[in-house]
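>>> Structure, please.
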Amino acid sequence: MFAYLVRRLFLMLVTLFGISVVIFFLLRIVPGNIVDILFAAAGYVDPADKANLEKELGIDQPLVVQYWHWISGFLRGDFGYSYVSEKPALQEILPRIPITAQLAGLALLFSASIGIPLGVISAVKQGTRLDYALRVVSLSGLSLPSFWLGLLVLTASVAMFGQMPLFNPNPQSFGEAVATYCIPAMVVGFRSSALTMRITRSSMLEVLRQDYIRTARAKGASDAAVNYQHALKNAILPVITVIGIEAAFLIGGLIVTETVFNIPGVARFLVEAIRWRDYPIVQNLVMLIAVVVVSANFIVDMLYAVFDPRIRYTD
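Below is the predicted model:
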């Protein structure tokens, strides 16, 4: 087990190193930088002023030197300064992390709490009207874009209540808290819940056909015991995999959702930083996201052994 953990941690470090190289050089391949954008907005280009500004920002140095300065600073916790606001990048990023973390956490909670039970019900009631209805709902969730669903929710809010749910970082009531976090989380988590439901249904159907399920029923076990203690426990591994993958893909959904609901989170801030070629913000944010994704995959692998005692990580 120890040797496996060491190998996994080493692979995580290699993966993160490769991601850091890709992030850094892809940003430099994109035409234009912050200096070009600023001078284009000003309407004139003075070569001397442009050269001075590039030197001040350090983007006139060789790419290898720029990469070393960035990655060494990242490892020390020094994220540099934003090119746009001229404030420390860490100071710009930290206040936005809790907002996006709460949205992502609520979206995953909504996805699992809705998708898994409905998937079990759909499998148990296979071929019934309820099964067909739940399959239509799951297919709708996979088909509807997050931005369209968010706009639909905003339109319905205006039609029913006369106002849109505005973001409030310090909600004073339960209703404000629901409008601030729960509604956007349900919008972005609807697709994940639909995928979770379909994977749960498929996995449950496979397990329910096994001999030990028939044996449990023959021994007089109740439907609840068979479905949840025997079947779901053995069908949960693919679901855990999907939830771990969806945790990574939530960032893409949050970019749209935070923009639609005007939420000042990390995902929306990343889009704005990319538009302005704000290298310190983009590099550090994407790298932090990569750390979260790689760590989530590692945790999912470890959870396999928790939920299925047959799985053992050996040398």
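>>> Now do the strands in the stretch 1-150 of the chain.
Counting by DSSP state E, counting those that start in this stretch, the stretch 1-150 of the chain has no strands to list.
>>> Show me the domain layout of this protein.
2-94, 96-308 (automatic domain parsing).
>>> Could you tell me the least trusted of the ones you listed?
With a mean of 79, domain 2-94 has the lowest mean pLDDT of these.
>>> Do me a favour and get the end-to-end distance for that one?
34 Å (CA to CA, to the nearest Å).
>>> Next: stretch 222-234.
17 Å.
>>> neighbouring contacts of that stretch?
116, 120, 124, 204, 207-208, 210, 212-213, 216-217, 221, 307-308 (CB atoms under 8 Å, 6 or more residues apart in numbering). Placement of C-beta: from N, CA and C, glycine included.
>>> Nearest spatial neighbour of Phe110, chain-adjacent residues omitted?
Gly189 (4.0 Å; CB to CB, 6 or more residues apart in numbering).
>>> Show the contacting residues for that neighbour.
Per CB under 8 Å, 6+ apart, neighbours of Gly189: 106-111, 114.
>>> I'd like the next helix or strand past the strand or helix carrying it.
Gly189 is part of helix 183-208, with elements assigned from DSSP states H and E. With elements assigned by DSSP H and E, the helix or strand that comes after helix 183-208 is helix 211-218.
>>> Dump the C-alpha coordinates for that following helix into PDB.
The C-alpha trace of helix 211-218 is given here as PDB (Å, rounded to 0.1, in the frame of the first residue of the first chain):
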ATOM      1  CA  ASP A 211     -27.100 -14.600  -8.500                       C
ATOM      2  CA  TYR A 212     -26.500 -13.300  -5.100                       C
ATOM      3  CA  ILE A 213     -29.300 -10.800  -5.500                       C
ATOM      4  CA  ARG A 214     -31.700 -13.700  -6.200                       C
ATOM      5  CA  THR A 215     -30.300 -15.500  -3.300                       C
ATOM      6  CA  ALA A 216     -31.000 -12.600  -1.000                       C
ATOM      7  CA  ARG A 217     -34.500 -12.400  -2.200                       C
ATOM      8  CA  ALA A 218     -35.000 -16.100  -1.700                       C
END
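>>> how about the contacts of stretch 222-234 in JSON lines, adding neighbour count and distance to Ile97?
Conversion of the contacts of stretch 222-234 to JSON lines gives the following (neighbours: other CB atoms under 10 Å; distance: CB to CB, whole Å):
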{"residue": "Ile116", "neighbour count": "22", "distance to Ile97": "28"}
{"residue": "Val120", "neighbour count": "21", "distance to Ile97": "34"}
{"residue": "Val124", "neighbour count": "18", "distance to Ile97": "40"}
{"residue": "Met204", "neighbour count": "25", "distance to Ile97": "36"}
{"residue": "Val207", "neighbour count": "19", "distance to Ile97": "39"}
{"residue": "Leu208", "neighbour count": "21", "distance to Ile97": "42"}
{"residue": "Gln210", "neighbour count": "14", "distance to Ile97": "44"}
{"residue": "Tyr212", "neighbour count": "12", "distance to Ile97": "45"}
{"residue": "Ile213", "neighbour count": "17", "distance to Ile97": "44"}
{"residue": "Ala216", "neighbour count": "17", "distance to Ile97": "46"}
{"residue": "Arg217", "neighbour count": "15", "distance to Ile97": "49"}
{"residue": "Ala221", "neighbour count": "15", "distance to Ile97": "46"}
{"residue": "Phe307", "neighbour count": "13", "distance to Ile97": "29"}
{"residue": "Asp308", "neighbour count": "14", "distance to Ile97": "33"}
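>>> and the one residue sitting closest to the centre of the chain, what is it in contact with?
By CA atoms, centre = their mean, the chain has its centre lying nearest to Leu250, at 2.8 Å. Shown in contact with Leu250 (CB under 8 Å, 6+ apart): 104, 107-108, 188, 192.
>>> Just the closest of the residues you listed to Phe147, please.
For these, the residue nearest Phe147 by CB to CB is Val188; the value is 10.0 Å.
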